[in-house]
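when you get a sec, could you give me coordinates for this:
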Amino acid sequence: MKFKMNNVEYIIKEVSQQEFWDYQVDEQDGYYYGQSHFQTQEVWIDKDLPIEKKKKTLYHELTHVYIREYLTSRDIKPDEEVLCDISANSHDIIHKIVEDYFKGDN
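Here you go, the predicted model:
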């Protein structure tokens, strides 16, 4: 599914663990639930996760996208108030994308 965040188009893809490891953008060991790829405007989710974990993972990854597209492309260390503002300001945008993605999967 395609979506826009601050007029930048992204696509959500469900991929295998092997695809995460083939792409491996960092040194993380273990299991990947999701990743956000800003260079290709893709959000990846592990295709084998149960639906509830897929939803939580998509919320998480979309928050990365929101921060990147609306706030900054730099690494930041926000305090609790900033995190609460990000959550409050992004809620409707992110929840709409997740609802659209999972329509009919309940």
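
can you tell me the element Trp44 falls in?
If you go by DSSP states H and E, Trp44 is part of strand 42-46.

the longest strand along the chain to strand 42-46, inter-axis angle?
Criterion DSSP state E: the longest strand present in the chain is strand 8-15. Using axes from the mean of the first three to the mean of the last three CA atoms, to 10 degrees, the inter-axis angle of strand 8-15 relative to strand 42-46 is 20 degrees.

paired strands for strand 8-15, with orientation please.
Strand pairing for strand 8-15, determined by DSSP bridges: strand 2-5 (antiparallel), strand 42-46 (parallel).

now render those strands as a markdown table, adding distance to Leu71, mean neighbour count and mean pLDDT.
C-beta here means a position set from N, CA and C on the backbone, and glycine is covered the same way. Output for these, formatted as a markdown table (distance: least, CB to CB, whole Å; neighbours: other CB atoms under 10 Å; pLDDT from 0 to 100):
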| stretch | distance to Leu71 | mean neighbour count | mean pLDDT |
| --- | --- | --- | --- |
| strand 2-5 | 11 | 15 | 97 |
| strand 42-46 | 17 | 22 | 97 |
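
quick one: mean pLDDT over the helix or strand just after the strand holding Trp44.
Following strand 42-46 in sequence order, the next helix or strand is helix 51-66 (DSSP H and E). For helix 51-66, mean pLDDT rounds to 96.
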